[in-house]
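Peer 1: Take a look and give me a structure for this.
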Amino acid sequence: MVSAASKFDSSRAEEYAEQSRIALAGYEACHELAACLLSSILGRGSRCHLLVVGAGGTGQEILVAGRLEGDWRFTAIDPSAPMLQGAQAAIEAAGLSARTEWHFGLVESLSAREPFDAATLIGVLHHVQGDEAKLSLLRGIASRLKPNAPIILACNRGTYADQPLFLDAWATRWRMAGTPESEIQGKIGKILQGADPPASNKAIAKLLEFAGFKEPRLFFSSLFWGAWIARCDG
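Peer 2: Residues are numbered from 1 along each chain as shown. The predicted structure is shown next:
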């Protein structure tokens, strides 16, 4: 996540909120379903503490889950200061600051504490270079969860260049949003920049298994994007 964080500078952070909703068709639905699944597993009205990894940018995970469950608390972590600041502003505006603890850094830099009831890792894994780094991140999360705790993992998968139909549809979605044709190639360049998405759904299932998670289930898919829920096997 260190190298991935470097590309999310202040200029990228400022445009992230708008871009995420255009680039991912169903952005709100994915987050709403994730929160609903966690609520179903943890129990409606429960008092739980969630670890939100890669929380910077919109803070959407916390905004949606915090609205759904009034007794959930959140520890939000991100290695990009500009992205974290953007999320903090959104959380403060929503009145959720008192239920959110912020941590600038990586998962391994979190101090020892009671294990979390659940975790989310949304929009992060395809920015992490190499399977070993991906496994390290997932294992770090698993080691901080209670046994059988759920995780929501959402990311892009597959090689972009090998999916020209999806890439063209993705570019056309920007056109539908009114993006000038002169800017489309720049948008494509950004999605390709430093990206290393897992190769397939099967590859993601293996990463989760090797990291200490079980029973991964795909619950949302949109072009390159997929979202899974799994359980900690610890």
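Peer 1: okay, and for the protein, where does confidence drop off?
Peer 2: Low-confidence segments of the chain, defined by pLDDT under 70: 1-15, 17.
Peer 1: ranges for the strands of it?
Peer 2: 49-53, 73-78, 100-104, 118-122, 150-156, 213-222, 225-232 (DSSP state E).
Peer 1: how about TSV for the ones you listed, with mean neighbour count added?
Peer 2: All C-beta atoms are positioned from the backbone trio N, CA, C, and that covers glycine. Listed next are these as TSV, based on neighbours: other CB atoms under 10 Å:
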stretch	mean neighbour count
strand 49-53	25
strand 73-78	23
strand 100-104	17
strand 118-122	25
strand 150-156	24
strand 213-222	16
strand 225-232	23
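Peer 1: So which of these is nearest Gln185?
Peer 2: Closest approach to Gln185 among the strands of the chain (CB to CB): strand 150-156, 18.9 Å.
Peer 1: relative orientation of the closest one and strand 118-122 in degrees?
Peer 2: Here strand 150-156 points in a direction 0 degrees away from that of strand 118-122 (axes from the mean of the first three to the mean of the last three CA atoms, to 10 degrees).
Peer 1: got the angle for strand 150-156 vs strand 213-222?
Peer 2: 40 degrees.
Peer 1: Residues contacting strand 150-156, please?
Peer 2: For strand 150-156, contacts defined as CB atoms under 8 Å, 6 or more residues apart in numbering pick out 30, 34, 37-38, 41-42, 61, 118-126, 138, 141-142, 145, 195, 197-198, 204, 208, 213, 216, 220, 224-232.
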